[in-house]
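# attaching a predicted model along with its sequence, questions to come.
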Amino acid sequence: MNFFKLKMLTPENVLFEGNVSSLKVMLNDGGIEILASHIPSIAYLSSGECKIILEDGSKKTFVSHDGILNIERSRVTLSSDFLEWSENLSATIQEKQKRISLEKERRSESFSQHQLGSLDLIKTFIKKNKDENI
């Protein structure tokens, strides 16, 4: 059986890097299966359940979100904002929700600090104008 190198990555980490015999992913117009020596191309990855077959014949399932699939003759790179093995999905979603909540809180605090800073600056300008007019 023929194999190709597969690299699956997100902005946070590399989920998988190794040889596989098959990769099944979801594209905007349906699913595609990539085998060794597939014609080189680039495609937009869409959300869905995906599968790989490893060198030893075992199958692994993962979930993807939007991303890019770059297919070359002997290697494929799958880049997405979210990739996770199916068995880890619940824990990963909970962790992502925590990070999103923390980021929302941080942004809210930053916005509040910006508004208070702007008001303080206006107060300073008003005081300066009063002092100059007296």
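Cool, the structure landed.

# C-alpha from now on. contacts and neighbour counts both.
OK.

# pull the longest strand from this structure.
strand 14-27 (DSSP state E).

# could you find the closest non-adjacent residue to the residue most central in space within the chain?
Taking CA atoms, centre = their mean, the centroid of the chain lies closest to D81, which sits 1.1 Å from it. Excluding the flanking residues, the one nearest D81 by CA to CA, 6 or more residues apart in numbering is T10, at 5.3 Å.

# measure that neighbour to I122 for me?
According to CA to CA, to the nearest Å, T10 and I122 sit 43 Å apart.

# repeat for I42
I42 is 52 Å from I122, by CA to CA.

# so S64 sits against F82, correct?
Yes - look at S64 against F82 with CA atoms under 8 Å: they come within range, at 5.7 Å.

# who's in contact with S41?
N70, I71, E72 (CA atoms under 8 Å, 6 or more residues apart in numbering).

# where's the first one relative to D131, distance?
If you measure N70 against D131 using CA to CA, the figure is 65 Å.

# show me which of those two is the more surrounded one.
N70 (17 against 9; other CA atoms under 10 Å).
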